[in-house]
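>>> Model the following, please.
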Amino acid sequence: MSRESASRGRTRTQFVCQACGSSQPKWMGRCPDCGEWNSLVETVVEDRVTEAARAVVLSSNAPQALSEISSDGQERIAVPLEELSRVLGGGIVLGSVVLLGGDPGIGKSTLLLQLAALMSRRGAASSDEQPVLYVSGEESARQLKLRAERLSIQAPNLYILAETNVERIIDQILAMRPLLVVVDSIQSVHMEALASSAGSISQVRESANALLRVAKSEGIPTFLVGHVTKTGSIAGPRVLEHVVDTVLYMEGERFHSYRLLRGVKNRYGSTDEVGVFEMREQGLVEVTNPSHVFLEERLEHATGSAVAATLEGTRPLLVEVQALVSKGNPEFPRRTCNGIEQSRLHLLVAVLSKRVGLKLGDQDIFVNIVGGLHVREPAVDLAVATAIASSYYNRPVREDLVIFGEVGLAGELRSVSQSERRLREAAKLGFKQGLFPRLRGAQTPAVGDIDMLSARSLAEAISLALEG
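Take a look at the predicted model:
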């Protein structure tokens, strides 16, 4: 082998799963690691390190004594968008890499373009007038300009780079030293040193690692946009979730205007926070009082409707739970839900049938959380069960009643955390009564003028909640 060919390094072929990133020596119909079908793609793997990866190194690789390492918090940049700042943990950490995922058309690019414009004004006001760089691998500069005009964005310090080559992107970052970098999207960029196409596991991994090294060594915060698969996970680069510092998901129904920004990984803050936005003609607008928004169209004295007090991180939210129970096919009754887990609905229907005596075996049951919100907290159980009972008996829930509590398999009610915070949110919106689980020996929380109704079992709670 000649010296020139040796310097190029050897190449070999592997079959890489596009769902989990595992490598196999030969093609298989099903990935043995994650179980996904037809996800193995032939990929050329090069044994040498790319020049771009070699050129960018971390600022300090020398070992340090634990006692000599500063415990001061990471320096953060204030974010003008309060809802985004909440999810990030109080601002953008210098040198951090944030991955933003979501369904196509959900508003990822819109949010980051608005963020880039706001941050560019901050950079223009600084002493060194740092610019903000928005890298677009999927849209041309003219397309981004049209979007910016539609959103009424005026940001002279915001620079657009329509480029898919990672090496050229890194050159521009090192030359400009921007305050913030946005790469939209990580699946559209590629490194010339790799023979595989853009969007493959090897390209996504190496491209993200190269951008990560630049962000860490130069202290430049970087946002990466990631596509999602039909299952809702970030497409291909599940490995990216281990590389980046923060992973955010933007959720929402396509035909609803509200968007939820949720953190699933955050090395610099909590993953329990959620930000709420509304999609309007001028872009994404922050929703500072989401409880009022989710309840503003609620009908009074409607059967099958209950208000639940849930927590998204440290933020209490009041949401309307709607249920419809109607005669169906006794052999194949339908159980449809939107906003809660299907398994949770089946559990609550079984408890209502067995412990409360509702004859639901031949009934179609539909449950919906209004506003497109997906609630994962079991504290919404009692409100869902009450709404189902309200529709079944055709009796409305008490007016001005807020409900929260977890339902057990024996029909008992179990306590949930931070009851007073939920009740304070209800009091601000004018609710006069609160229904929650009663515990032996526990003190009843006292919040404002709210009358407290407590129950030990689901049957007792339903009798207290329904009118008539």
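>>> Report the residue spans of the chain with pLDDT below the cut-off.
Low-confidence segments of the chain (pLDDT under 70): 1-11, 43-61, 71-74, 124-127, 229-239, 254, 440-444.
>>> so what's Ala387 up against?
By Cβ atoms under 8 Å, 6 or more residues apart in numbering, the contact list for Ala387 reads 304-306, 321-323, 367, 397. All C-beta atoms are positioned from the backbone trio N, CA, C, and that covers glycine.
>>> typo on my end, it should be Glu425
By Cβ under 8 Å, 6+ apart, the residues touching Glu425 are 291, 309, 316-318.
>>> Those: which two are farthest apart?
Based on Cβ to Cβ, the longest span within the contacts of Glu425 runs between Ser291 and Ala309 and measures 8.8 Å.
>>> Next, show the common contact partners of these two.
Contacts common to Ser291 and Ala309, judged by Cβ under 8 Å, 6+ apart, are 316-318, 425.
>>> From these, pick the one nearest Thr246.
Relative to Thr246, and with distances defined as Cβ to Cβ, the nearest of those is Leu317, at 22.3 Å.
>>> Check which helix or strand the closest one maps to.
If you go by DSSP states H and E, Leu317 is part of strand 315-327.
>>> For Ala385, grab phi and psi.
Main-chain dihedrals, Ala385, degrees, to the nearest 10: phi -60, psi -40.
>>> Same check on the one 4 residues further on?
When quoted as degrees, to the nearest 10, the phi and psi of Ala389 stand at phi -60, psi -40.
>>> OK, contacts around it?
Ala389 sits next to 352, 356, 358, 462, 465-466 when contact means Cβ under 8 Å, 6+ apart.
>>> all helices of the protein, in order?
For the chain, the helices defined by DSSP state H occupy 3-8, 51-55, 82-88, 108-125, 141-150, 166-176, 201-218, 240-243, 290-295, 342-351, 381-393, 419-428, 458-465.
>>> Out of those, indicate the one that is most buried.
Burial of these is given as mean neighbour count (mean count of other Cβ atoms under 10 Å); helix 381-393 ranks first at a mean of 26.
>>> could I get the helices of the chain as a markdown table with distance to Ile186?
Listed next are the helices of the chain as a markdown table, based on distance: least, Cβ to Cβ, whole Å:
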| stretch | distance to Ile186 |
| --- | --- |
| helix 3-8 | 26 |
| helix 51-55 | 15 |
| helix 82-88 | 19 |
| helix 108-125 | 12 |
| helix 141-150 | 17 |
| helix 166-176 | 10 |
| helix 201-218 | 6 |
| helix 240-243 | 7 |
| helix 290-295 | 30 |
| helix 342-351 | 32 |
| helix 381-393 | 38 |
| helix 419-428 | 38 |
| helix 458-465 | 47 |
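>>> just to revisit the earlier point, most neighbours out of the contacts of Glu425, which is it?
Neighbour counts for those (other Cβ atoms under 10 Å) peak at Ala309, which has 31 neighbours.
>>> who's in contact with that residue?
Ala309 makes contacts with 316-318, 379, 402-404, 422-423, 425-426, 434, as judged by Cβ under 8 Å, 6+ apart.
>>> if we can go back for a sec, if we take the shared contacts of Ser291 and Ala309, which one ends up nearest to Val16?
Of all the shared contacts of Ser291 and Ala309, the one with the least separation from Val16 (Cβ to Cβ) is Leu317, at 40.7 Å.
>>> my guess is the closest one contacts Leu373, does it?
Yes: counting by Cβ atoms under 8 Å, Leu317 touches Leu373, with 7.4 Å between them.
>>> what sits in contact with each of those two?
Shared contacts of Leu317 and Leu373 (Cβ under 8 Å, 6+ apart): Phe294.
>>> For Thr314, give me its contacts.
270, 272-273.
>>> and the gap between it and Leu261?
The gap separating Thr314 from Leu261 is 15 Å, by Cβ to Cβ, to the nearest Å.
>>> ditto for Leu161
Distance, Leu161 to Leu261, using Cβ to Cβ: 25 Å.
>>> Pick out whichever of the two has more residues nearby.
A direct count of neighbours by other Cβ under 10 Å for Leu161 and Leu261 places Leu261 higher, at 26 against 18.
>>> How about the more buried one, nearest residue that isn't a chain neighbour?
Computed as Cβ to Cβ, 6 or more residues apart in numbering, the closest residue to Leu261 that is not its neighbour in sequence is Gly275, at 3.9 Å.
>>> Not counting its neighbours along the chain, what's nearest Asp272?
Spatially, and ignoring its direct neighbours in sequence, Asp272 is nearest to Gly313 (3.6 Å; Cβ to Cβ, 6+ apart).
>>> Check whether that neighbour really touches Ser270, as I assumed.
Yes: the criterion here is Cβ under 8 Å, and Gly313 meets it with Ser270 at 6.3 Å.
>>> With neighbour numbers in mind, choose between those two.
Counted by other Cβ under 10 Å, Gly313 and Ser270 do not tie: Gly313 has more neighbours, with 16 against 13.
>>> now the more buried one: how far from Ala175?
39 Å.
>>> and if you look at Ile365?
Here the criterion is Cβ to Cβ. By it, Ile365 lies 61 Å from Ala175.
>>> ok, Val204 touching Val183?
No: counting by Cβ under 8 Å, Val204 stays clear of Val183, with 11.4 Å between them.
>>> What is the nearest of the contacts of Ala389 to Leu146?
Among those, Ala465 lies closest to Leu146 (Cβ to Cβ), at 51.8 Å.
>>> hmm, back to that, would you mind giving the contacts of Ala309 as CSV with distance to Leu115 added?
Shown next, in CSV, are the contacts of Ala309 (distance: Cβ to Cβ, whole Å):
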residue, distance to Leu115
Pro316, 26
Leu317, 24
Leu318, 28
Ala379, 32
Val402, 34
Ile403, 37
Phe404, 34
Arg422, 31
Leu423, 35
Glu425, 28
Ala426, 33
Gly434, 38
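>>> Now the two most distant members of those residues.
Across the contacts of Ala309 (Cβ to Cβ), the longest gap, 15.1 Å, separates Leu317 and Gly434.
>>> What are the neighbouring residues in contact with Arg424?
Arg424 makes contact with 316, 447-448 under the criterion Cβ under 8 Å, 6+ apart.
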